[in-house]
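sequence unknown, structure follows:
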């Protein structure tokens, strides 16, 4: 994952909230003419793909799927144990 | 998703079995010099990304991530109701 963009304003971090929340957040970015990066880790990866698909199929058919990257991040729990978790980044461009 | 390749011998369909099963199945294909397509739908998408990442990071670092596609499939349940489900295809080449 591109750590540079970790908290920038063109990324949407997908977690456990309803899909529509993330779809709307992505639309806000795309409507500013910027490319939007949908990011998720672990079990939320499936959810991120749902967000991208619903966005493209239902709300913004003119948006373009620009790039999909997968990766592995190392998470450290409070007791110091490390575990690997998969991640995804889906970049969607406004046109 | 590419329906043509639905049941060919270079695809691995990721479901609920242990991750290692799918990693081994993918390795068998790659060791024949063929590209392998890791496929999943719905909640199994996260699992498919795990399979691809573990394969590349732990077992076959020389394998190349060639292409990732996401899509939407329409499933029809027994009572005739249709629902959309997201899908992923991750293509990995032997070198």
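Arrived safely, thanks for sending. Computed from a predicted structure; not experimentally measured.

where are the low-confidence patches of chain A?
Counting by pLDDT under 70, chain A contains low-confidence residues at A:1-7.

Give me the three-state assignment for residue A:33.
At residue A:33 the chain is in coil, as set by DSSP: H, G, I helix; E, B strand; the rest coil.

could you check the distance from the spatially most central residue of chain A over to residue B:67?
Centroid-nearest residue in chain A, with CA atoms, centre = their mean: residue A:38, separated by 1.7 Å. Residue A:38 sits 18 Å away from residue B:67, taking CB to CB, to the nearest Å as the criterion. Where you see a C-beta, it was placed from the backbone N, CA and C, and this is true even at glycine.

ok so, going back, in space, what's closest to the residue nearest to the centre of chain A - neighbours in sequence excluded?
Across the structure, with CB to CB, 6 or more residues apart in numbering or on different chains as the measure, the residue nearest residue A:38 apart from its sequence neighbours is residue A:90 (4.4 Å).

how deep is that neighbour tucked in, by neighbour count?
When neighbours are counted by other CB atoms under 10 Å in any protein chain shown, residue A:90 registers 28.

So in terms of bridging, what pairs with it?
Following DSSP bridges, residue A:90 is listed with bridge partners residue A:38, residue A:68.

I am finished for the moment; much appreciated.
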